[in-house]
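A.B. asks: What follows is a protein structure lacking sequence information:
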Ligand SMILES: Cc1cc2nc3c(=O)[nH]c(=O)nc-3n(C[C@H](O)[C@H](O)[C@H](O)COP(=O)(O)OP(=O)(O)OC[C@H]3O[C@@H](n4cnc5c(N)ncnc54)[C@H](O)[C@@H]3O)c2cc1C
């Protein structure tokens, strides 16, 4: 601790998680009664020249938004400001939709070739029936919409999964981060500061080394340095994110064009189109002005690019989905000629053994990078952030009461690791596995969409219906245990 009773915390990385964690820690109130209270001082060190996020869409789960509110209600308000309702702006639709994107249904349970029939001759069986209780939300007024006459129709059953109030809303990443950065006090984030390593000093404090030759001392390091985390490599050199042999084409389509081709109801609502060894997701972003399209394909090759993204051409996507049903081909046809493709990496094959070591903790993707198939990787990081804020708040109070600072901080990050490890590692595994379900690669489910939906629903509920209050209580309990053991 510095001589003026400050606990100095260094956050590495101002991606989504480093930024939200910093705001959460800044919201911990400092005591007003004590004459010389222990205070927290935060610094975020970011290697880039600015805080930036790619212009792609991201969705936050209901429990991620609750975690934001518990850290600082203004963060969740930022989501609300930039988020785009699924469905009509004045009549949001809280359901996610899963459909067979490959086969064309001609009635009953049978299916035929996907070739031909685009825009006409495709019998839509709609979403009637009562086999899937989640298919309708209460007071759902939109059930007939899938049959809306204009544009290409979705074929076969539409499996609707209620995602909770405002449970699925796309945000533009850059817009969200811009809003959030307005809450960040001047001077907290230091840019062009690439951390290259760290050492413990005899005092028990940590010295960070930067690529510009600079050094700083701190009491606690929270590594939010993403999937390629330098700190994770330093702690656990044998762990390395792996290419999942899957990449995603990503493109944005003007919503007016999407509506004219797909029909208003379908274009404005998130749909996940499942099929053999690939799947396509689309949802509205930018206040319904754009449709975000993500088309995942399996890749037998290694990823040889130095970065995680590479330019792609529309013809590659058209080729990959040539055999698919008319609706998916119509979505692909909307994509611009120039696209990006994103390699999907995760830590499925080499998980770290724990998230805390001494006074250093891994947070967000640095700890548990998952494939994006649950749309919850950042949400997990937000849950991590709340757990850390809870534990560090208790540690600060204890230091004020005379507990030794290193002991209190180490207990805080150990408690965080113990509480967060199982759930976040499960997400890494389940994201991969639910991706196999979408792509009919799970041998026990195959192309059976009824069974696929049951699997998707069970996994999604485990992501969404998480008891955040119980997590907070458990962090407090574990912190006490770690302090005395
Ligand atoms: C295609 C795709 C779609 C996704 N969709 C969703 C979704 O809908 N919902 C969801 O919840 N999640 C989603 N995710 C996951 C989500 O994007 C990540 O979990 C999240 O962005 C991770 O944030 P982070 O802050 O941990 O890491 P990052 O965003 O990678 O940030 C790391 C930061 O650390 C900095 N840094 C790295 N090394 C150093 C260093 N040595 N020194 C200083 N700074 C450093 C970097 O410059 C960067 O700013 C998706 C992921 C992908 C790939």
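C.D. replies: Arrived safely. Here the structure is a predicted model, which is why all the values come from computation and not from measurement.

A.B. asks: can you list contacts of stretch 411-427?
C.D. replies: For stretch 411-427, contacts defined as Cβ atoms under 8 Å, 6 or more residues apart in numbering pick out 220, 351, 354-356, 359-361, 367-368, 370, 374, 376-377, 380, 383-384, 387-388, 391-392, 394-395, 462-463, 466, 471, 474-475, 478-479, 481-483. C-beta here means a position set from N, CA and C on the backbone, and glycine is covered the same way.

A.B. asks: same question, stretch 206-219
C.D. replies: Against stretch 206-219 from outside (Cβ under 8 Å, 6+ apart): 1, 7-10, 12, 43, 45, 47, 192-201, 205, 220-221, 359-360, 405-406, 409.

A.B. asks: and that stretch, how far from the chain's centre?
C.D. replies: 30 Å (Cα atoms, centre = their mean, to the nearest Å).

A.B. asks: Helices - which of the contacts of stretch 411-427 land there?
C.D. replies: 377, 380, 383-384, 387-388, 391-392, 394-395, 462-463, 471, 474-475, 478-479, 481-483 (DSSP state H).

A.B. asks: Give me the buried subset of the contacts of stretch 206-219.
C.D. replies: Among the contacts of stretch 206-219, those classed as buried by 16 or more other Cβ atoms under 10 Å are 1, 7-10, 12, 43, 45, 47, 193, 195, 198, 205, 220-221, 359-360, 405-406, 409.

A.B. asks: give me the subset of the residues you listed touching the ligand.
C.D. replies: 12, 45, 47, 195 (Cβ under 6 Å from any ligand atom).

A.B. asks: Tell me the one of the residues you listed nearest residue 231?
C.D. replies: Nearest to residue 231 among these, counting by Cβ to Cβ, is residue 12 at 6.4 Å.

A.B. asks: correct me, but the closest one touches residue 224?
C.D. replies: Yes. Counting by Cβ atoms under 8 Å, residue 224 is a contact partner of residue 12 at 6.2 Å.

A.B. asks: Overlap in contacts, the two.
C.D. replies: residue 18.

A.B. asks: Filter the contacts of stretch 206-219 down to the ones in strands?
C.D. replies: 7-10, 12, 43, 45, 195-200, 220-221, 360 (DSSP state E).

A.B. asks: now for those, which pair is the farthest apart?
C.D. replies: 7 and 196 (23.8 Å).

A.B. asks: Can you tell me which of the contacts of stretch 411-427 are buried?
C.D. replies: So, of those, 220, 351, 354-356, 359-361, 367-368, 370, 374, 376-377, 380, 383-384, 387-388, 391-392, 394-395, 463, 466, 471, 474-475, 478-479, 482-483 end up buried under the neighbour-count rule (16+ other Cβ under 10 Å).

A.B. asks: Surely residue 438 is in contact with residue 274?
C.D. replies: Yes. Assessed by Cβ under 8 Å, residue 438 is found in contact with residue 274 at 4.8 Å.

A.B. asks: Can you pull the residues that touch both of the two?
C.D. replies: By Cβ under 8 Å, 6+ apart, the residues touching both residue 438 and residue 274 are residue 452.

A.B. asks: do you know how far the residue in the chain that the ligand sits nearest to is from residue 22?
C.D. replies: Residue nearest to the ligand within the chain: residue 15 (2.0 Å; Cβ to the nearest ligand atom). Counting by Cβ to Cβ, to the nearest Å, the gap from residue 15 to residue 22 is 11 Å.

A.B. asks: try residue 481
C.D. replies: Taking Cβ to Cβ, one finds residue 481 at 27 Å from residue 22.

A.B. asks: same thing with residue 223?
C.D. replies: 13 Å.

A.B. asks: one step back: now the residue of the chain closest to the ligand. Nearest residue, chain neighbours left out?
C.D. replies: Among residues not flanking residue 15 along the chain, residue 226 sits closest, at 5.7 Å (Cβ to Cβ, 6 or more residues apart in numbering).
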